[in-house]
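Participant: pasted the sequence and its predicted model underneath.
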Amino acid sequence: MLKVNYTLLIALTLACGAAVSNAAGSEANGTVAPIIGVLAQEIYEDSLIARHFNSTSYIAASYVKFVEGAGGRVVPIWIGQERSYYENLLRQINGVLLPGGGTWFNNSKGYGEAGEHIIHIAKEINTNASYFPVWGTCLGMELLVLVMNNNVETRFDCKSQGQTIPLDFKPTYNESRMFAGASAELITLMSKQNVTYNYHRNCYTQQSFENSSWRIMSINNDLQGVEFVSTIEHLQYPFYGVQFHPEKNLYEFVSKLIPHTAGAVHSAQYFADFFISEARRNKHTFDNAAEQSAAMIYNYKPEYTAKIGSGYIQQYLFDTDSEEEVEETPEEPEPVEPEPDPDNDHPYPNYPYYMHHGDYAAATQPLLTCILMSLAFVVCAGRFVNN
């Protein structure tokens, strides 16, 4: 009669459970695929988007793709919230991207006010020994510098709309964290080819950073020859800023001036990869899978706004008050789209992203496989002993 070592079987089963649990936990904590908060921005009542959509805030889809293209995931950050909302969210995500755009920093309950909360909270998180990166693109960089300068305004007017130029690196650029991993070939490419797309009316000069805690890695000149700072990083905190738009090289196609050469794409991808690699150092997690699932950008769909004349190919449009996506005002009834096939909707088969609404198949399959293998091992071991 076959003797089964039940003690060994139980031990192997528990080990299987622990292994599967650890695998799920590894994914959830953001180390593998960090979760980045992207700040929304207000929509003005007389704007193009307001005339076509019932929306109060937006996120350009290119910023979401910028994060996802480097292996990250996105949570939208609402404007117009109390500080407690931002405190709670930032302690569950792995970094923040402050996007570019066109708005005033002094709007009540707008981008500037929300960004100020976020930057102060990010400073506190880093001060308390938790690595938390913040990336600012164009307007986001300008907000980072303003808030870190105690809201003392040092920007000046410049003319760099639709300007495609290389980077003029400072001699000490290689002392920075941002460019420490860049090859000599990439630096040569960035400094020789027109790989950065600029579209801004405000700039910082090098004088803006005198006696500050920022490192300047590159400078440029606008269309009138006025010098401005184009890449910076903070010396104490993992805060980074670029005055140009790397996401446009990769994902925006509304202007022939945006560079899409191999060099421009390669350069832009470097910045995305760097930021996400910084976010992988953060260990924040959501309290549970349901909260994480409810917060993700996947709950919303972008609108194709370039077709109505927008400067963005796609935008996520929200009703900030209700934190819901908005729909275009239809001129005629829209056809009903079929429900998606759940079997084809999972990004990683057998790899549990979030488990909700009874969708435990992906999480339980590795456990069942491990148990069956353990049982086979015990049976074989028993037969060996009997022989």
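Facilitator: Happy to help now that I have it. Note that the coordinates shown come from a computational prediction; the quantities given were computed from them, not determined experimentally.
Participant: parallel or antiparallel, list what pairs with the longest strand seen in the chain.
Facilitator: With secondary structure taken from DSSP state E, the chain has its longest strand at strand 156-165. Counting by DSSP bridges, the strands paired with strand 156-165 are strand 196-203 (antiparallel).
Participant: for the chain, name the helix or strand with the lowest mean pLDDT.
Facilitator: helix 6-28 (a mean of 45; mean pLDDT, DSSP states H and E).
Participant: returning to what we had before: sheet-wise, list the partners of the helix or strand just after the longest strand of the chain with their directions.
Facilitator: Scanning forward in sequence from strand 156-165 by DSSP states H and E, the next helix or strand is strand 168-169. Sheet pairing of strand 168-169 (DSSP bridges) gives strand 214-221 (antiparallel).
Participant: can you list the buried residues in stretch 130-137?
Facilitator: 131-137 (16 or more other C-beta atoms under 10 Å). C-beta: built from backbone N, CA, C; applies to glycine.
Participant: of these, closest to Thr196?
Facilitator: Nearest to Thr196 among the buried residues of stretch 130-137, counting by C-beta to C-beta, is Thr137 at 11.3 Å.
Participant: assign the closest residue to the closest one other than its chain neighbours to helix, strand or coil.
Facilitator: Leaving aside its sequence neighbours, Thr137 sits nearest to Gly100 (C-beta to C-beta, 6 or more residues apart in numbering; 4.7 Å). Assigned with DSSP: H, G, I helix; E, B strand; the rest coil, Gly100 falls in the coil class.
Participant: give me phi/psi at Gly100?
Facilitator: Dihedral pair for Gly100: phi -80, psi 180, per degrees, to the nearest 10.
Participant: got it, and the one 10 residues further on?
Facilitator: As for Gly110, its main-chain torsions (degrees, to the nearest 10) stand at phi -110, psi -160.
Participant: Provide a list of residues in contact with the nearest residue to it once chain neighbours are set aside.
Facilitator: Nearest residue to Gly110, sequence neighbours excluded (C-beta to C-beta, 6+ apart): Glu42, at 4.6 Å. Neighbouring residues of Glu42 by C-beta atoms under 8 Å, 6 or more residues apart in numbering: 56-57, 79, 103, 107, 110-111, 320.
Participant: give me the phi and psi angles of Glu42.
Facilitator: According to degrees, to the nearest 10, Glu42 has phi -70, psi 150.
Participant: report the beta-bridge partners for it.
Facilitator: Ser57.
Participant: what pLDDT does it get?
Facilitator: On pLDDT, Glu42 comes in at 97.
Participant: Glu210: what's it in contact with?
Facilitator: Applying C-beta under 8 Å, 6+ apart, no residues qualify as near Glu210.
Participant: give the contact list for the closest residue to Gly162 other than its chain neighbours.
Facilitator: Leaving aside its chain neighbours, Gly162 sits nearest to Leu257 (4.6 Å; criterion: C-beta to C-beta, 6+ apart). By C-beta under 8 Å, 6+ apart, the contact set of Leu257 is 162-164, 197.
Participant: if we use 10 Å, what do you get?
Facilitator: By C-beta atoms under 10 Å, 6 or more residues apart in numbering, the residues touching Leu257 are 161-164, 194, 197-199, 248.
Participant: dump the helix or strand Ser293 falls within to PDB, restricted to CA.
Facilitator: Secondary structure from DSSP H and E places Ser293 in helix 289-295. The C-alpha trace of helix 289-295 is given here as PDB (Å, rounded to 0.1, in the frame of the first residue of the first chain):
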ATOM      1  CA  ALA A 289      -6.800  45.600  -4.800                       C
ATOM      2  CA  ALA A 290     -10.300  47.100  -5.100                       C
ATOM      3  CA  GLU A 291      -9.100  50.600  -4.200                       C
ATOM      4  CA  GLN A 292      -6.200  50.300  -6.700                       C
ATOM      5  CA  SER A 293      -8.500  49.100  -9.500                       C
ATOM      6  CA  ALA A 294     -11.000  51.900  -8.900                       C
ATOM      7  CA  ALA A 295      -8.300  54.500  -9.100                       C
END
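Participant: neighbouring strands for the next helix or strand after the least confident helix or strand of the chain, and are they parallel or not?
Facilitator: Helices and strands here follow DSSP H and E; after helix 6-28, the next one along the chain is strand 35-39. Within its sheet, strand 35-39 is paired with strand 73-77 (parallel), strand 95-98 (parallel), according to DSSP bridges.
Participant: average pLDDT across strand 35-39?
Facilitator: 98.
Participant: save the buried residues of stretch 130-137 as a markdown table, and put in distance to Val229 and secondary structure too.
Facilitator: Formatted as a markdown table, these follow (distance: C-beta to C-beta, whole Å; DSSP: H, G, I helix; E, B strand; the rest coil):
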| residue | distance to Val229 | secondary structure |
| --- | --- | --- |
| Tyr131 | 25 | coil |
| Phe132 | 24 | coil |
| Pro133 | 20 | coil |
| Val134 | 17 | strand |
| Trp135 | 16 | strand |
| Gly136 | 12 | strand |
| Thr137 | 14 | strand |
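Participant: dump those residues to JSON lines, plus distance to Ile297 and pLDDT.
Facilitator: As requested, these are arranged in JSON lines below (distance: C-beta to C-beta, whole Å; pLDDT from 0 to 100):
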{"residue": "Tyr131", "distance to Ile297": "23", "pLDDT": "97"}
{"residue": "Phe132", "distance to Ile297": "20", "pLDDT": "98"}
{"residue": "Pro133", "distance to Ile297": "19", "pLDDT": "98"}
{"residue": "Val134", "distance to Ile297": "18", "pLDDT": "98"}
{"residue": "Trp135", "distance to Ile297": "16", "pLDDT": "98"}
{"residue": "Gly136", "distance to Ile297": "19", "pLDDT": "98"}
{"residue": "Thr137", "distance to Ile297": "17", "pLDDT": "98"}
